[in-house]
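Trainee: Kindly return the folded structure for what I paste below:
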Amino acid sequence: SSSSSYPQVRGYTAKAPPTASALADVQRAQEDEELRKLSAQKQALQAELKQYEDSVAKARAAPPSTTTAETKVTMRWRTSVALKRAELVLSIAGAQSTQGAAAPLLLKAACVFADDGGVFAGGESAFVTSPQLVPELVVPLTPLKDTASKLHVKAVVGMKGSTLMQVHDLETVVPRFAMYAMSSSPVTTTRRATMRINDRAQRADMWLQQAFIVSD
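Mentor: Below is the predicted model of the structure:
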């Protein structure tokens with residue numbers, strides 16, 4: 001057509017550079033955004049500080065009988081034949097307050113690390129916790145080999161209604177034959193072994209106490 005045989009020329013006006021007032025508006029918007037962020041951070045820090053001050057005030061207001069340095073976490077071994085495992089039992093014992101009444105500190109959790117692998121089902125460490133504070137915690141163990149292994153225990157204790165906790169560092173050794181249990185009933189058999197021990201009876205008894213889980 002005749003319209004397509006002639007080129008068309010179009011012109012555009014150049015974009016005007018930003019004015020000083022426009023630049024000032026952009027700068028004010030950026031400054032307002034920075035102030036908003038700083039204000040939000042200030043409010044978060046003030047809330048965190050208030051929570052910390054409330055915790056400190058609550059701890060200072062607690063009676064002396066609720067906190068005592070004499071609290072001790074004891075450990076003992078036992079064997080569960082039904083569950084086919086050895087168990088390390090943690091409990092609170094021997095804690096007395098300044099008034100002579102039992103300190104109301106209980107166990108919340110325990111984290112146990114082993115120097116050697118193959119002690120726990122999940123690896124070289126175990127973490128046991130309770131939804132509520134309890135007087136006793138049980139740490140299950142399933143050693144794969146008849147070897148003694150040193151355990152490092154971190155027991156977390158606290159009192160009901162408090163957010164403050166104490167961590168007790170303990171150490172113990174897994175008995176070499178922890179997966180063996182003494183029979184609760186006499187076993188009739190014609191087979192037996194006879195041995196002669198040159199050591200004293202007290203020394204042999206000490207070895208039995210260390211190598212096996214022997215009940216009192």
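Trainee: Look up the closest residue to A211, ignoring the ones flanking it.
Mentor: Computed as CB to CB, 6 or more residues apart in numbering, the closest residue to A211 that is not its neighbour in sequence is R176, at 4.6 Å. C-betas here are computed from N, CA, C, even on glycine.
Trainee: how many other residues sit next to that neighbour?
Mentor: Here the number of neighbours of R176 (other CB atoms under 10 Å) works out to 17.
Trainee: what's the answer for V167, then?
Mentor: Applying other CB under 10 Å, we find 11 residues neighbouring V167.
Trainee: swap in the one 4 residues further on?
Mentor: Other residues lying near E171 total 9 when counted by other CB under 10 Å.
Trainee: Quick check: it vs P18, distance?
Mentor: In this view, E171 and P18 are 71 Å apart by CB to CB, to the nearest Å.
Trainee: can you check K108 too?
Mentor: Noted for K108: a distance of 62 Å to P18, by CB to CB.
Trainee: And L151, by the same measure?
Mentor: Distance, L151 to P18, using CB to CB: 70 Å.
Trainee: Out of the two, name the residue with the larger neighbour count.
Mentor: Using other CB under 10 Å as the criterion, L151 and P18 rank with L151 on top: 22 against 11.
Trainee: partner residues bridging that one?
Mentor: Applying DSSP bridges to L151 yields these beta-bridge partners: A114, T172.
Trainee: ditto for G123
Mentor: G123 has these beta-bridge partners by DSSP bridges: F120.
Trainee: What count of nearby residues applies to it?
Mentor: The number of residues near G123, taken as other CB under 10 Å, comes to 10.
Trainee: thought it was touching G117?
Mentor: Yes: contact between G123 and G117 holds when scored by CB atoms under 8 Å: they sit 7.1 Å apart.
Trainee: Residues in contact with both of those two, list them for me.
Mentor: Taking CB atoms under 8 Å, 6 or more residues apart in numbering as the contact rule, G123 and G117 touch no residue in common.
Trainee: pretty sure Q210 belongs to a helix, no?
Mentor: Yes: with DSSP: H, G, I helix; E, B strand; the rest coil as the criterion, Q210 is part of a helix.
Trainee: Alright, that wraps it up for me.
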